[in-house]
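> coordinates for the following, if possible.
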Amino acid sequence: MTPDEMKKQAAEAAIEYVESGTVVGVGTGSTANHFIDLLGAMKGKIDGTVASSEASAERLRGHGIQVLDLNSVGQLPLYVDGADESNRHLHLIKGGGGALTREKIVAAASDKFVCIADDSKLVDVLGAFPLPIEVIPMARSYVAREIVKLGGTPILREGFTTDNGNIILDIQDLKIMEPVKFEEQINSIVGVVTVGIFAIRPADALILGSSSGIKQLP
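I've put the predicted structure just below:
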């Protein structure tokens, strides 16, 4: 089974969490795209969606699914999104697609966050995948210097601007032993908009597609 088939398998399992008559928070990336495509088949049963990126909003609208503004919706019952890495505590690294700020906002505004991925994303220690941080452009050099003090190697994501008009620094050479503490440390650096560690508000459920079928944590 290919990684893409495993992602689709996880997305199919996440559809079970969607309740009729609700607004669903939808993430960004290749795994979330499978979920969006599956949601298209049941669009008549839901009241709409909130998207974490312009790309996802466009894909949802392409299926004829209504995309709503989070400010007009309020609290969401469900948010479904992928991850670049997860540990067994359901602490995540997200933001490979650059939508980490909006993803974190939608996750924070949701009662249940279901993360979907293929089983290669489950790791013992976060950090092999470069950790993205969204940064105000004028703070780029300052933030980079602060990251070096924390033991990371920041690399500017060339030619990329977020939906919010900011830049992304990808931090390499990390072993994140205390994700909650590290998230707080990076959040406290002036000029950082969001860090792609989702540990203060982790996933509530992790669904992994694998060659031997669905695995779920917890």
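> could I get the contacting residues of the most centrally placed residue in the chain?
Residue closest to the average C-alpha location in the chain (Cα atoms, centre = their mean): Lys94, at 4.5 Å. Going by Cβ atoms under 8 Å, 6 or more residues apart in numbering, Lys94 touches 81-84, 100, 103-104, 132, 196, 198. Bear in mind the C-beta positions are built from the backbone N, C-alpha and C, glycine included.
> ok, it to Thr101 distance?
Lys94 sits 10 Å away from Thr101, going by Cβ to Cβ, to the nearest Å.
> please apply the same query to Lys8.
Distance of Lys8 to Thr101, computed by Cβ to Cβ: 27 Å.
> neighbours of the closest residue in space to Arg59 that isn't next to it in sequence, how many?
Nearest residue to Arg59, sequence neighbours excluded (Cβ to Cβ, 6 or more residues apart in numbering): Ile36, at 5.1 Å. By the other Cβ atoms under 10 Å criterion, the neighbourhood of Ile36 contains 23 residues.
> sec struct for Ile36, please.
For Ile36, the assignment made with DSSP: H, G, I helix; E, B strand; the rest coil gives helix.
> wait, it touches Gly25, no?
No - using Cβ atoms under 8 Å, Ile36 is not in contact with Gly25; the gap is 11.8 Å.
> now do the strands in the protein.
For the chain, the strands defined by DSSP state E cover 23-26, 48-51, 76-81, 85-86, 92-93, 110-118, 131-135, 153-156, 167-172, 192-195, 197-198, 205-209, 215-217.
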